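Colleague: Compute the structure for the input listed below.
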Amino acid sequence: MIMSIVTLVSHLLFITLVNQLLRQLFDWSKLIKVSPENITRLNVFILLLSIAIGYLISHFLIEVIQISQSLFFAFR
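Modeller: A predicted model of the protein is given here:
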């Protein structure tokens, strides 16, 4: 139960973090022409990219924690 909550919070935290970083660090106006239609598409693209990258980072870190825990308990 606790691991499920930690996993969910981790995924949401990293997705939010990546979303903020993508919006603040990149100047998207250099890559696309600014129009209302393109802004909507860009927001959807940034959201999907944030979900993909945030999930990968979160999953990687949770896997590292689980492997280190199993190694710790194996050598105990």
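Colleague: Helices along this protein, start to end?
Modeller: Residue ranges of the helices in the chain, as given by DSSP state H, are 2-25, 36-74.
Colleague: would you list the ones you listed in TSV and tack on mean neighbour count?
Modeller: For the C-beta atoms, the positions are set from N, CA and C on the backbone; glycine is no exception. Below are these laid out as TSV (neighbours: other CB atoms under 10 Å):
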stretch	mean neighbour count
helix 2-25	13
helix 36-74	13
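Colleague: any chance of those helices in CSV, with mean pLDDT too?
Modeller: Formatted as CSV, these follow (pLDDT from 0 to 100):
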stretch, mean pLDDT
helix 2-25, 95
helix 36-74, 95
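Colleague: Need the residue closest to the centroid of this structure.
Modeller: residue 54 (1.0 Å; CA atoms, centre = their mean).
Colleague: In contact with that one: list those residues for me.
Modeller: Residue 54 is in contact with 11, 14-19, counting by CB atoms under 8 Å, 6 or more residues apart in numbering.
Colleague: Once you drop chain neighbours, what's closest to it?
Modeller: residue 15 (3.3 Å; CB to CB, 6 or more residues apart in numbering).
Colleague: quick one: contacts of stretch 1-20?
Modeller: 46-47, 49-51, 53-55, 57-59, 61-62.
Colleague: From those, pick the one nearest residue 39.
Modeller: Distances from residue 39 to those, taken as CB to CB, are shortest for residue 46 (10.5 Å).
Colleague: I'd like to know how far that closest one sits from residue 72.
Modeller: 38 Å (CB to CB, to the nearest Å).
Colleague: cool, residue 40 as well?
Modeller: On the measure of CB to CB, residue 40 and residue 72 end up 48 Å apart.
Colleague: again with residue 66
Modeller: Taking CB to CB, one finds residue 66 at 11 Å from residue 72.
Colleague: wait, what's in contact with residue 38?
Modeller: Contacts for residue 38 (CB under 8 Å, 6+ apart) come out as residue 32.
Colleague: can you pull the alpha-carbon coordinates of stretch 26-42 into PDB?
Modeller: The C-alpha trace of stretch 26-42 is given here as PDB (Å, rounded to 0.1, in the frame of the first residue of the first chain):
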ATOM      1  CA  PHE A  26      13.200  26.200 -23.800                       C
ATOM      2  CA  ASP A  27      12.200  29.100 -26.000                       C
ATOM      3  CA  TRP A  28       9.600  27.300 -28.000                       C
ATOM      4  CA  SER A  29       8.900  30.400 -30.200                       C
ATOM      5  CA  LYS A  30      12.200  29.700 -31.900                       C
ATOM      6  CA  LEU A  31      11.000  26.300 -33.000                       C
ATOM      7  CA  ILE A  32       7.400  27.000 -34.100                       C
ATOM      8  CA  LYS A  33       5.500  29.800 -35.600                       C
ATOM      9  CA  VAL A  34       3.400  31.500 -32.900                       C
ATOM     10  CA  SER A  35      -0.400  31.200 -33.600                       C
ATOM     11  CA  PRO A  36      -3.300  30.200 -31.500                       C
ATOM     12  CA  GLU A  37      -3.600  26.800 -33.200                       C
ATOM     13  CA  ASN A  38       0.100  26.100 -32.700                       C
ATOM     14  CA  ILE A  39       0.100  27.200 -29.100                       C
ATOM     15  CA  THR A  40      -2.600  24.600 -28.400                       C
ATOM     16  CA  ARG A  41      -0.700  21.900 -30.200                       C
ATOM     17  CA  LEU A  42       2.500  22.900 -28.400                       C
END
